[in-house]
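Q: Just need the structure, nothing else, for what follows:
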Amino acid sequence: MKTWRPGRDPHAVRHPAEPARGTVGGIPAEAGTPTVAVVGGGIAGLAAATGLAERGVRVVLLEAAETLGGRVRSWPVPLPDGTAATMSRGFHAFFRQYYNLRSLLRRADPGLDRLVPIEDYPLRLAPKDGGPALVDSFASIPRTPPWNLVGFVAKSPTFRARDLLGVDVREALGLLRVSFPATYSELDGVSAADFLDRLRFPDGARHLALEVFARSFFADPRDFSAGELVAMFHTYFVGSAEGLLFDVPDDDYDTALWAPLGRHLAGLGVEIRTGAQVVGLEDVDGRVVVATNDARVIADAVVLALDLRSLQALVADAAWLGDAGWRERIAALRSAPPFGVGRRWLSGRFLEVEAFLGTSGYGPLDNISRLDAFEAGAAAWAGRHGGTVVEVHGYALSDPSEASRAALWREAARIHPSLDAAEIVAEQWLVMDDCPLVGTEPWLLRPSVRTPDPRVVLAGDLVRCDWPVALMERAATTGWQAANAVLRRTGLRAHDLWSPPLAGLLARRGRG
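A: Residues are numbered from 1 along each chain as shown. All right, here's what the predicted structure looks like:
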């Protein structure tokens with residue numbers, strides 16, 4: 001009988017649910033159906049709420065914004081002509097390795113029909129010394145290691161076979177010998193930039209094949225964990241057979257993903273309160289009281305699935321929570337640099353703009369996307385008005401002022417000159433600085449799902465996960481893990497999870 005797997009990679013790892021405890025630190029059976037407050041309605045909170053509600057736990061989901069999705073949410077904005085449109089915090093790629101995120105989405109969309117494939121992941125390196133721009137494509141190379149590496153070198157204009165002569169082969173082969181979570185700790189104190197220097201990759205390959213991963217974390221490679229960089233290179237390229245191509249929602253995030261999932265959760269009995277800002281946590285008679293701007297929730301357990309600053313504020317005000325060392329580690333966590341998102345509704349059709357294009361060497365510009373190529377709402381507006389909806393993104397802005405907005409669009413016009421004279425029907429500009437920084441501090445000192453108080457667990461992409469997962473997938477994975485931690489205390493069955501392979505290609509062969 002063929003074993004079910006979450007994707008095409010035969011080496012994907014199933015992590016069976018740990019057996020329930022329901023003893024020390026457990027929720028007493030005489031308490032009846034436990035109540036869990038999930039603070040934060042982003043991906044991590046939604047995963048935790050789903051995992052708990054599916055086992056019969058009463059869940060109250062508290063989200064400060066008016067829509068679900070957290071940092072991957074969308075919200076309505078009015079256009080000058082009176083029509084409704086949406087805005088978000090920028091483009092997100094739903095990679096096929098995101099097994100636990102996809103499992104969450106399948107709850108409301110079993111066939112994942114709301115995700116549509118982007119046919120390529122082109123990465124463009126700006127021209128140098130009068131030469132042409134170089135564009136790498138992943139559309140036609142094999143997805144399975146090591147043939148993807150062979151195919152990439154054979155076809156890449158930025159990483160040619162003769163460039164291998166300058167590479168430190170011993171360091172490069174280390175990418176194929178990784179073993180998680182040990183690799184994370186082995187690279188403590190090493191930045192992504194330091195690691196790239198060790199490899200001695202040619203400049204083009206450095207920017208397009210590796211550094212792109214660091215900047216996708218909204219971080220400068222000089223202040224970003226080499227362990228995290230290596231994990232992502234393993235997950236997306238040398239350790240997984242899922243490949244580097246990805247899917248995107250067929251409409252704005254709320255319409256396609258989170259509103260349907262919210263309805264599914266409501267059907268499971270989850271009480272969803274949007275616009276509910278959590279302002280404090282209290283320890284009262286063995287239970288946790290969660291205070292919002294207009295109510296109080298008395299809970300047997302709490303999942304804190306918050307952005308970094310909100311988590312730090314709650315912990316700082318709850319002197320009873322955790323021990324001194326843990327509280328200090330939470331307070332010491334840092335945010336990544338600010339990022340900017342610009343979206344323009346343009347008059348005229350600019351079909352030469354790719355659905356997605358990653359960039360390097362174009363100042364603060366990290367990618368361009370054309371939303372009407374895949375979002376139904378944007379496509380409908382473009383069809384009615386003969387227009388185009390284009391977005392630019394700068395991941396780690398050294399200058400978060402208004403000047404960055406002009407710089408992003410100026411660089412976009414270097415790639416597509418037609419954008420320079422395009423008539424702007426409407427425009428949105430957003431600068432945020434609330435993403436966690438995965439720095440070079442010791443891996444094991446980062447907060448994990450469990451806290452010193454068994455009633456309180458953490459979830460989100462700021463939380464340590466020992467598997468090679470990150471970004472949206474880390475948020476989903478730690479959300480499921482948070483639910484599992486609570487379920488084990490109640491004696492209820494937890495959920496199996498999946499990850500990409502935990503060991504590199506050479507490490508796996510060595511074990512055989």
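
Q: what's downstream of the worst-scoring helix or strand of the chain on mean pLDDT, the next helix or strand?
A: Sorting the helices and strands of the chain by mean pLDDT, DSSP states H and E puts helix 212-215 at the bottom, at a mean of 62. Using DSSP states H and E, the helix or strand that follows helix 212-215 in sequence is helix 226-233.

Q: what's that following helix in contact with?
A: Helix 226-233 is contacted from outside by 175, 178, 180, 183-188, 190-192, 194-195, 210, 213-214, 216-217, 221, 438, 440, 443, 468, 470, using Cβ atoms under 8 Å, 6 or more residues apart in numbering. (Glycine included, C-beta is placed from N, CA and C.)

Q: Repeat that for stretch 120-131.
A: So stretch 120-131 is contacted by 93, 133-139, 158, 204, 207-208, 212, 244-246, 354, 356-362, 414-415 (Cβ under 8 Å, 6+ apart).

Q: List only those of these flagged as buried.
A: Neighbour-count burial (16 or more other Cβ atoms under 10 Å) applied to these gives 93, 134-136, 138, 158, 204, 207-208, 212, 244-246, 354, 356-362, 414-415.

Q: Report the residue ranges of every domain in the protein.
A: As given by automatic domain parsing, the domain ranges for the chain are 13-69+252-334+446-497, 141-244.

Q: Between the two ends of the last one, what distance do you get?
A: With Cα to Cα, to the nearest Å as the measure, the first residue of domain 141-244 is 10 Å from its last.

Q: What of stretch 346-364?
A: By Cα to Cα, one end of stretch 346-364 lies 22 Å from the other end.

Q: give the contact list for the closest residue to Val341 other than its chain neighbours.
A: Spatial nearest neighbour of Val341, chain neighbours left out: Gly90 (4.2 Å); criterion: Cβ to Cβ, 6 or more residues apart in numbering. Contact partners of Gly90, counting by Cβ under 8 Å, 6+ apart, are 339, 341, 391, 393, 430.

Q: Between these, which sits nearest Val153?
A: His393 (28.3 Å; Cβ to Cβ).

Q: Secondary structure class of the closest one, three-state.
A: strand (DSSP: H, G, I helix; E, B strand; the rest coil).

Q: pLDDT averaged over the longest helix belonging to the chain - what is it?
A: The longest helix of the chain (DSSP state H) is helix 471-490. What helix 471-490 shows for mean pLDDT is 97.

Q: right, and the helix or strand after that helix?
A: Helix 471-490 is succeeded, C-terminally, by strand 497-499 (DSSP H and E).

Q: any residues touching that following strand, and which ones?
A: 6, 12-15, 17, 99-100, 103, 467-469, 477, 480-481, 484.

Q: other SSEs contacting the host helix or strand of Ala44?
A: Here Ala44, judged by DSSP H and E, is contained in helix 43-53. Judged by 3 or more Cβ pairs under 8 Å, 6 or more residues apart in numbering; DSSP states H and E, helix 43-53 is in contact with strand 35-39, strand 58-63, helix 99-106, helix 259-267, strand 301-304, helix 471-490.

Q: other SSEs contacting the longest helix of the chain?
A: Using 3+ Cβ pairs under 8 Å, 6+ apart as the test, helix 471-490 ends up in contact with helix 43-53, helix 99-106, strand 301-304, strand 456-458, strand 497-499.

Q: and the longest one with strand 58-63, angle?
A: In this case it means helix 43-53. 170 degrees (axes from the mean of the first three to the mean of the last three Cα atoms, to 10 degrees).

Q: Likewise for the second one?
A: Helix 99-106 and strand 58-63 meet at an angle of 100 degrees, taking the same axes, to 10 degrees as the criterion.

Q: Quick check: can you name the pairing partners of the helix or strand following helix 99-106 and their directions?
A: Scanning forward in sequence from helix 99-106 by DSSP H and E, the next helix or strand is strand 115-118. Strand pairing for strand 115-118, using DSSP bridges, gives strand 246-249 (antiparallel).

Q: Just the C-alphas of the partner strand, formatted as CSV.
A: Written as CSV, here are the backbone C-alpha positions of strand 246-249 (Å, rounded to 0.1, in the frame of the first residue of the first chain):
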residue,chain,number,x,y,z
PHE,A,246,5.6,28.2,-5.9
ASP,A,247,1.9,29.1,-5.8
VAL,A,248,0.0,32.3,-5.0
PRO,A,249,-3.7,32.8,-4.0
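
Q: Next SSE downstream of it?
A: helix 253.

Q: Counting by contacts, list what that following helix packs against.
A: Against helix 253 (3+ Cβ pairs under 8 Å, 6+ apart) you get no helix or strand.

Q: Quick one: residues in contact with that helix.
A: Contacts of helix 253 (Cβ under 8 Å, 6+ apart): 69, 72-74, 88, 92.

Q: what about stretch 184-200, how long is it end to end?
A: End-to-end distance of stretch 184-200: 21 Å, with Cα to Cα as the criterion.
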